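1. using only what follows, build the 3D model:
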Amino acid sequence: MKYFIHSLLFVTFLFLNSSLHSENTGYTNDANSAYYVVPPNYAGTQGTASFLGPLSNAQRTYQFLIRDSILTGLVGQQITGITYRLLASAVTNWPTADVTFSNYDIYLSGSVAPENRSLTFSQNVVGVQKRVRFGSLTVTAGSFPSGGSPTTFGSEIAFDSAYVYNGGHLLVELRHTGFTGTSASVDAISTSTGGYGFLISACWTGNYAGTLGSQGNFCVIRLTSSPLTAIGNETETVNSFSLRQNYPNPFNPVTNISFELQKPAQVTLKIYNVSGAEVERLINNESMQAGTRSVIYSGDKLSSGIYFYSLFVNGQKVDTKKMMLVK
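-> Residues are numbered from 1 along each chain as shown. From the prediction side, this is the model:
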């Protein structure tokens, strides 16, 4: 019965999608790029719910799981950006003044099927996650329009590095640290809408370095793509390695430190005190394969205070971040 229902939802979804006018298929080409709305049949139709996540002023980790059957127009393309749209009920453009996220990180990878989604984020990832955007993000005043049903999508959030989509279920993971200002809810598909849990699914939590979350509505997104200009996902325009902020922070006495390797490397992870003296070496020149790694660190032997941790890859320092131990 479960599979019959899934099949019925899928057929219904395809019927709705095929009945739309061509300008509302969600795939609109210009000379250099294309826009693809997910789910496609909401390109010209208002969603069934809202969600406070991508444009929240508080920290978020959010995962979009998308079935391959609704991404056929993207096969062989490189995905270069993403954006969202406000609710039809929005009465003013957002934001009213520029806002800046100190960190707005986006990762793309293969995904488990939406019906197999786990609330443990790492279990939804298939293959190696590619970080396509990282660092601060400033959203200029009024760049997300109000009015209309649905509203117009906001300004594109461009990626630092393109992701080549060659088919398969797709996972989009967003991690941001929030901003000072007023949040905006975005158009979304509710968990009770037909197709949710088979064609699409989502989960989230209220922190930047979350590892476990709850089911959430699926935000209607618009992906930007362009013809393939590079082979595979090995070509990087950003650093191939990244260090994430520990969580929780402040901590007592245990915290999680994670980092990402886009390719195999020799890795060292060190802890320093405020004087710059090394107090512990968590990883000592170990050979590691590509992927995301996490280390549980206990500061039970240290005094309360500020400490720093640094990631070294192939003998070169990649990044240093600050953490606080409070006993």
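2. low-confidence ranges in the stretch 201-327 of the chain?
-> Within the stretch 201-327 of the chain, the ranges that satisfy pLDDT under 70 run 229-239.
3. could you redo the last one with a cut-off of 80?
-> Counting by pLDDT under 80, the stretch 201-327 of the chain has low-confidence residues at 228-240, 274-275, 317-318.
4. next one: Phe134 from Gly216, what distance?
-> Distance of Phe134 to Gly216, given as CB to CB, to the nearest Å: 23 Å. C-beta here means a position set from N, CA and C on the backbone, and glycine is covered the same way.
5. do Ser225 as well
-> With CB to CB as the criterion, Ser225 and Gly216 are 25 Å apart.
6. then Ser69?
-> As judged by CB to CB, Ser69 and Gly216 stand 22 Å apart.
7. among these two, which residue is more densely surrounded?
-> Between Ser69 and Gly216, counted using other CB atoms under 10 Å, the more crowded position is Gly216 (22 against 12).
8. contacting residues for that one?
-> Counting by CB atoms under 8 Å, 6 or more residues apart in numbering, Gly216 touches Phe51, Gly53, Tyr62, Thr191, Ala202, Cys203, Trp204.
9. whichever of these end up buried, select them in PyMOL.
-> Under the burial definition 16 or more other CB atoms under 10 Å, those of the contacts of Gly216 that qualify are selected in PyMOL by:
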select buried, resi 51+53+62+202+203+204
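10. now, among the contacts of Gly216, which is nearest to Gln262?
-> Lowest distance from Gln262 to the contacts of Gly216 (CB to CB) belongs to Tyr62, with 21.8 Å.
11. was I right to think that closest one contacts Pro54?
-> Yes: with contact defined as CB atoms under 8 Å, Tyr62 and Pro54 form a contacting pair (6.7 Å).
12. shared neighbours of those two, which are they?
-> Leu174, Cys219.
13. residues of stretch 89-99 that come out buried?
-> For stretch 89-99, the neighbour count (16+ other CB under 10 Å) marks Ala90, Asn93, Trp94, Pro95, Val99 as buried.
14. next, the contact list for the first one, please.
-> Okay, so that is Ala90. Ser146, Gly147, Thr151, Ala184.
15. Thr182 versus that one, what's the distance?
-> From Ala90 to Thr182 the distance is 12 Å (CB to CB).
16. pLDDT score for Val128?
-> If you check Val128, the pLDDT there is 78.
17. check which helix or strand it maps to.
-> In this assignment (DSSP states H and E), Val128 forms part of strand 125-133.
18. go on, Lys317?
-> If you go by DSSP H and E, Lys317 is part of strand 316-325.
19. not counting sequence-adjacent ones, nearest residue to Met324?
-> Distances taken as CB to CB, 6 or more residues apart in numbering place Pro250 nearest to Met324, at 4.1 Å, with adjacent residues excluded.
20. which residues touch that neighbour?
-> Here Pro250 is in contact with Met323, Met324, Leu325, Val326 (CB under 8 Å, 6+ apart).
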